[in-house]
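>>> After the sequence you'll find the predicted model.
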Amino acid sequence: MTKMPSTMRRMPFPVPWMPHLTENKAWPMRSQNHLKLTFFFIVAMCQYCMAGHYFWTPMLERAYLEATSLQLEEAEKTLALAEAADPDNLMALHVANYVDFFRVYINEDEDEFKRLEKNRDIRLKRIEKEGDPSSPWHKFLLADIRLQWALARLKFEQFTTAYFETNKAFKLLTSNVEAHPDFMPNYKDLGILHAMVGTVPDNYRWALDWFTSLEGTLKQGREELQRVITYAKSNRFIYEQEIYIYYAYLQLHLINDLEAAWDLVNEASLDPEENPLHCFVLANVAMRTGRADEAIRILEKAPKGKRYHPFHYLEYLMGLAKLQSLDLSAEQHFLNYVNHFKGFNFVKDAYQKLAWCRLLKGDFAGYKSYLELCRSKGKTIVGNDKSALNEANSGLIPATELLKARLLFDGGHYQRALEVLNAKNVNDYLSDRNRLEYLYRLARIEQALGKFEQALLLYDTVISEGKDAPWYFACRAALEKGHIYEQRRQKALAVSAFEQCLSIDPDEHKTGLHQQAKAGLRRLQ
């Protein structure tokens, strides 16, 4: 809605008949009807003047760009100017919520979370009270604010409340689509929700059915995000970079098209030298697609300075990228992370990686010392931290060659990883776990090098020998078999492999592996 001139906000229009209201004489019928119409028009105009409106001003666009580049203090200053210039523009609440969301999500400070959570309630109440319900922005903003806080709640294990927040947002967005089917921001959020719901493993469906009314399919979510990207290519769209990032992660995690994910983030006009979030996205996708060296080059350009909100996770990523190239200067980056980050996620994982650095240097005392810190520091909310704690508690020291092969493979150094494994034979390993891991690592490398027949034979051995073991190797082997068969368009074999993955119940990484298998089955429907 276009902002009204200040003169109109003070007085909607001149009222030449106003003095006659005090005269004591009968009104002709025509004059009375004219008075009624004029009176109702005044009331309507006054209500318009008092109502909040939704409009992306240049100043609010600037604040949004500052918030999404983690210039949070600058965004707050710009918001203050925008609100002073146009106090009834409710779009400012939307941008302000981005600032709070990034602060809470990155800092992981529970006291800060509780303090800023009050802003959520104030914003929602104001939008509900002052906003124009007929505007497509009205329900979208109510939904988007709730979704951001649902994500924040997951950080602090408020799972039930997060489910309810997501459910309310889903209902608002679904209703908004019915009223405004061509309003593209709807599909920014709905696309992700539909895709995620469509890949929830069956053993978790009860939670969705019990707590929420969410429904959707991977295909539906994918088509919605594609629709928005197509729109953004030929229309000005404030959320253009957001939608490219969302679709890239959908390709990465649910569609298993790694190259498509990498292409998308490179098409999105991201600026890693000026935007820490863009730096994170590019480096993260690079690492998840086997490009550790490229991730290092990206992270070296990360912007620094007081105008950016501290984002210590980039130090963790740099440490990981270097470690995946067996560059043991990675140790300093992990130390920077654990010494400066005051949150809790990836802390145990960072101490595990510090332990690995010591192990690869032959320092067993240092290895054990860092594992002790792994046990005592951080939390086990994310899978990486759970796996790190499992290793720390197991008392088992990783075989150096297997650890090197694992790291090199994850970094995309497939030939180097193969050379490390070829220096040994499976029979050189005495423990069942190490023998199984050797075969599994060899299979992953053969698959990455395009030697699918050798990989399938090795995966079959891993599944046969490890399906009842507590380790994740057999479960992941079945998943990768499904990916190979899907790539080769052998649908029946792919379905069988994904179902085999779902039938294996490892103690580690089970949820993520089963979700990927479920996504594979959805793709093949």
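Right, received. Where do you want to start? Numbering: from 1, shown residues only.
>>> residue contacts, the closest residue to residue 398 other than its chain neighbours?
Among residues not flanking residue 398 along the chain, residue 359 sits closest, at 6.9 Å (CB to CB, 6 or more residues apart in numbering). Every C-beta, even on glycine, is put in place using the N, C-alpha and C of the backbone. The contact partners of residue 359, by CB atoms under 8 Å, 6 or more residues apart in numbering, come to 367, 397-398, 400, 403.
>>> Report the buried members of those.
Among the contacts of residue 359, the ones that count as buried by 16 or more other CB atoms under 10 Å are 367, 398, 403.
>>> a markdown table please, covering those and showing secondary structure, distance to residue 323 and pLDDT.
Converted to a markdown table, those look like this (DSSP: H, G, I helix; E, B strand; the rest coil; distance: CB to CB, whole Å; pLDDT from 0 to 100):
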| residue | secondary structure | distance to residue 323 | pLDDT |
| --- | --- | --- | --- |
| 367 | helix | 14 | 98 |
| 398 | coil | 13 | 95 |
| 403 | helix | 10 | 98 |
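>>> Let me have the contacts of residue 359 in a markdown table, adding distance to residue 336 as columns.
Formatted as a markdown table, the contacts of residue 359 follow (distance: CB to CB, whole Å):
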| residue | distance to residue 336 |
| --- | --- |
| 367 | 20 |
| 397 | 26 |
| 398 | 24 |
| 400 | 25 |
| 403 | 22 |
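>>> closest to residue 475 among the residues you listed?
Nearest to residue 475 out of those is residue 398 (CB to CB; 19.4 Å).
>>> quick one: that closest one and residue 391 touch, right?
Yes: applying CB atoms under 8 Å, one finds residue 398 in contact with residue 391, separated by 7.5 Å.
>>> Next secondary structure element downstream of the helix or strand where residue 265 lies?
Using DSSP states H and E, residue 265 sits in helix 258-267. Sequence-wise, the next helix or strand downstream of helix 258-267 (DSSP H and E) is helix 276-288.
>>> and that following helix, C-alpha only, in CSV?
Taking C-alpha atoms only, helix 276-288 is exported to CSV below (Å, rounded to 0.1, in the frame of the first residue of the first chain):
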residue,chain,number,x,y,z
PRO,A,276,29.5,-13.4,6.0
LEU,A,277,26.3,-15.4,5.4
HIS,A,278,27.1,-15.6,1.7
CYS,A,279,30.6,-16.7,2.6
PHE,A,280,29.1,-19.4,4.8
VAL,A,281,26.7,-20.7,2.2
LEU,A,282,29.3,-20.9,-0.6
ALA,A,283,31.9,-22.6,1.6
ASN,A,284,29.4,-24.9,3.2
VAL,A,285,28.0,-26.1,-0.2
ALA,A,286,31.5,-26.4,-1.5
MET,A,287,32.5,-28.7,1.3
ARG,A,288,29.4,-30.8,1.0
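>>> Please report phi then psi for residue 327.
With angles defined as degrees, to the nearest 10, residue 327 sits at phi -90, psi 110.
>>> Buried residues in stretch 64-73, which are they?
Buried-residue list, stretch 64-73, by 16+ other CB under 10 Å: 64-72.
>>> How about stretch 439-448?
439-448.
>>> and if you look at stretch 120-139?
120, 123-124, 127, 131-132, 135-139.
>>> how long is that stretch end to end?
For stretch 120-139, the separation between the terminal residues is 15 Å (CA to CA, to the nearest Å).
>>> any residues touching that stretch, and which ones?
1, 50-54, 88, 90-91, 93, 96-97, 100, 141-142, 145-146, 149, 172-173, 175-176, 179-180, 183, 185-186.
>>> Buried only: go through those residues for me.
For those, a burial check counting by 16+ other CB under 10 Å picks out 1, 52-54, 88, 90-91, 93, 96-97, 100, 141-142, 145-146, 149, 172-173, 176, 180, 185-186.
>>> Show me those residues that map onto helices.
91, 93, 96-97, 100, 141-142, 145-146, 149, 172-173, 176, 185-186 (DSSP state H).
>>> and of the residues you listed, the nearest to residue 508?
Among those, and counting by CB to CB, the member closest to residue 508 is residue 149, at 30.2 Å.
>>> where does the closest residue to that closest one other than its chain neighbours fall, helix, sheet strand or coil?
Nearest residue to residue 149 in three dimensions, chain neighbours excluded: residue 120, at 5.2 Å (CB to CB, 6+ apart). With DSSP: H, G, I helix; E, B strand; the rest coil as the basis, residue 120 sits in helix.
>>> for the stretch 301-450 of the chain, what are the low-confidence residue spans?
In the predicted model, the stretch 301-450 of the chain carries no residue with pLDDT under 70.
>>> give me the number of residues near the closest residue to residue 273 other than its chain neighbours?
Closest residue in space to residue 273, ignoring its immediate chain neighbours: residue 301 at 4.7 Å, by CB to CB, 6+ apart. Applying other CB atoms under 10 Å, we find 13 residues neighbouring residue 301.
>>> from what I can see residue 301 touches residue 279, true?
Yes: counting by CB under 8 Å, residue 301 touches residue 279, with 6.9 Å between them.
>>> Restricting to C-alpha, output the strand or helix carrying residue 515 in PDB.
Secondary structure from DSSP H and E places residue 515 in helix 510-523. The C-alpha atoms that make up helix 510-523 are tabulated as PDB, following Å, rounded to 0.1, in the frame of the first residue of the first chain:
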ATOM      1  CA  LYS A 510      20.100 -42.900  11.900                       C
ATOM      2  CA  THR A 511      17.600 -40.000  11.600                       C
ATOM      3  CA  GLY A 512      19.500 -38.200   8.800                       C
ATOM      4  CA  LEU A 513      20.200 -41.400   6.800                       C
ATOM      5  CA  HIS A 514      16.500 -42.500   7.100                       C
ATOM      6  CA  GLN A 515      15.300 -39.100   6.000                       C
ATOM      7  CA  GLN A 516      17.500 -39.300   2.900                       C
ATOM      8  CA  ALA A 517      16.200 -42.700   2.100                       C
ATOM      9  CA  LYS A 518      12.700 -41.500   2.500                       C
ATOM     10  CA  ALA A 519      13.500 -38.600   0.200                       C
ATOM     11  CA  GLY A 520      14.800 -41.100  -2.400                       C
ATOM     12  CA  LEU A 521      11.600 -43.100  -2.300                       C
ATOM     13  CA  ARG A 522       9.600 -39.900  -2.700                       C
ATOM     14  CA  ARG A 523      11.600 -38.900  -5.800                       C
END
